[in-house]
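Asks: Provide a 3D model corresponding to the input given below.
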Amino acid sequence: MDASHYDTDEAVLAKLGERLKRRRLDLNLTQADLARDAGLSKRTVERIEAGETSQTPSLIRILRSLDLLKHIDALIPPPVQSPIEQWKLLGRQRQRGSSLRSSGSSSGKPDRGDRWIWGDSR
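Replies: Below is the predicted model of the structure:
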């Protein structure tokens, strides 16, 4: 369906309700089952599937119960940084590891006596 079919809020709510109902039926759940799983009343599930308005937390609970919440990025993709912003951040990325530091040395460098030597089994 192209974007022109979603020109009204009512059309969007109706399509959303249809798809949620189809998912519920695909999972072989009754409206009462879904309502119980989502912690909602059966009437709330009925209203959402009928394309009526509802509160956002109710919709989120239904999406979670139908295992659809993981697809939220498809609905609202996360922001993407511009190539220039990515390039600026690249210069701030760590390029090397830090050297070993010993707590017993005042210079922050390991003491010669603490160094491990091949064959040393201390």
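Asks: So the most centrally placed residue in the chain versus residue 90, what's the distance?
Replies: For the chain, the residue sitting closest to the mean C-alpha position, by C-alpha atoms, centre = their mean, is residue 70 at 6.4 Å. Note on residue 70: its distance to residue 90, by C-beta to C-beta, to the nearest Å, is 30 Å. No exception for glycine: its C-beta is placed from N, CA and C like everyone else's.
Asks: What of residue 21?
Replies: Taken as C-beta to C-beta, the span from residue 21 to residue 90 is 47 Å.
Asks: which one of the two has more residues nearby?
Replies: Shown here are residue 21 and residue 90; by other C-beta atoms under 10 Å, residue 21 has more neighbours (18 against 8).
Asks: and the more buried one, what does it touch?
Replies: residue 49 (C-beta atoms under 8 Å, 6 or more residues apart in numbering).
Asks: In three-state terms, how would it be classified?
Replies: What DSSP: H, G, I helix; E, B strand; the rest coil gives for residue 21 is helix.
Asks: what's the pLDDT at it?
Replies: What the model reports as pLDDT for residue 21 is 97.
Asks: What is the distance between the lowest-mean-pLDDT helix or strand in the chain and the centre of its chain?
Replies: None of the helices or strands of the chain scores lower by mean pLDDT, DSSP states H and E than helix 83-90, at a mean of 78. Taking the mean of its C-alpha atoms, helix 83-90 sits 24 Å from the chain's own mean (C-alpha atoms, centre = their mean, to the nearest Å).
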